[in-house]
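S.K.: What follows is a predicted structure for the sequence shown.
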Amino acid sequence: MHQPIAVFDAGIGSYAIVAEIHKRLPKQDIVYFADRAGFPYGSKGREELLAVIHRTLRFLEGYAPSAIVIASNAPSIMLLDDVRQSTLLPLFGVYPPIEKALAMSASGKIGIMGVHSLIESSPLKQFIDHHAPQPENVSLINASSMVELIENGTFLFDPKATQTAVLAAAQPPSTLMVSPQHYPFPPSFSLAPRGRYHCG
């Protein structure tokens, strides 16, 4: 077995990140850890989330990975600089692709759907200020309730309810980004009528 890349999130949602790594590195071994004990990341305060991430890093270090990917926007934006100091391994995060989404938007306005802790965080607002020429064109949408729709499989057996939930949250931007990575699962049937969708 080659030295793996370790990827983790609070649930199953970040398979989109695994798929992207596999596409670019098809022969690379990957360890994916769905941190159910820490689920959901989005409801935790900063110190509690920091403890959860440190615990998970210690666990994944046992697999001797070549690198670790925190496949969740909330800890990536809020904590990555802090947790990098606690490991000798290369540590990567995932971030909303604000510049790309703004370039795609017909209206010049975008929305970021995210869990409450991320949407309300100062680090996200600072990230937007740094990456958006006009930060007022970036709307923040609290979509914490949608995480459970994905985790419990509702989006598979009740697409109408999922579509209703997504469309209600998605107004009014023409381009929507999603955070955490759970939200990529339902876009094909839920967001197509409204405009462009981007996950990053």
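M.R.: Arrived safely, thanks for sending. Not measured: the values here are computed from a predicted model.
S.K.: Contacts only, for the residue nearest to residue 129 when sequence neighbours are not counted.
M.R.: Of all residues not flanking residue 129 in the chain, residue 135 sits nearest, at 5.2 Å (Cβ to Cβ, 6 or more residues apart in numbering). C-beta here means a position set from N, CA and C on the backbone, and glycine is covered the same way. Contacts for residue 135 (Cβ atoms under 8 Å, 6 or more residues apart in numbering) come out as 125, 128, 129.
S.K.: Now with 10 Å, please.
M.R.: 98, 125, 126, 127, 128, 129 (Cβ atoms under 10 Å, 6 or more residues apart in numbering).
S.K.: Which helix or strand contains the third one?
M.R.: Think residue 126. helix 122-131 (DSSP states H and E).
S.K.: thinking again about what came up before, save the contacts of residue 135 as JSON lines, and put in neighbour count and distance to residue 70 too.
M.R.: Listed next are the contacts of residue 135 as JSON lines, based on neighbours: other Cβ atoms under 10 Å; distance: Cβ to Cβ, whole Å:
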{"residue": "98", "neighbour count": "22", "distance to residue 70": "19"}
{"residue": "125", "neighbour count": "15", "distance to residue 70": "20"}
{"residue": "126", "neighbour count": "12", "distance to residue 70": "18"}
{"residue": "127", "neighbour count": "21", "distance to residue 70": "15"}
{"residue": "128", "neighbour count": "19", "distance to residue 70": "19"}
{"residue": "129", "neighbour count": "10", "distance to residue 70": "22"}
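S.K.: Need the CA coordinates for the helix or strand just after the helix holding residue 126. PDB is fine.
M.R.: For helix 122-131, the succeeding helix or strand toward the C-terminus, using DSSP H and E, is strand 138-142. Output of strand 138-142 as PDB, limited to C-alpha atoms (Å, rounded to 0.1, in the frame of the first residue of the first chain):
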ATOM      1  CA  VAL A 138     -21.800  38.000  -1.500                       C
ATOM      2  CA  SER A 139     -24.800  36.800   0.400                       C
ATOM      3  CA  LEU A 140     -24.400  34.400   3.400                       C
ATOM      4  CA  ILE A 141     -27.200  31.800   3.700                       C
ATOM      5  CA  ASN A 142     -27.600  29.700   6.900                       C
END
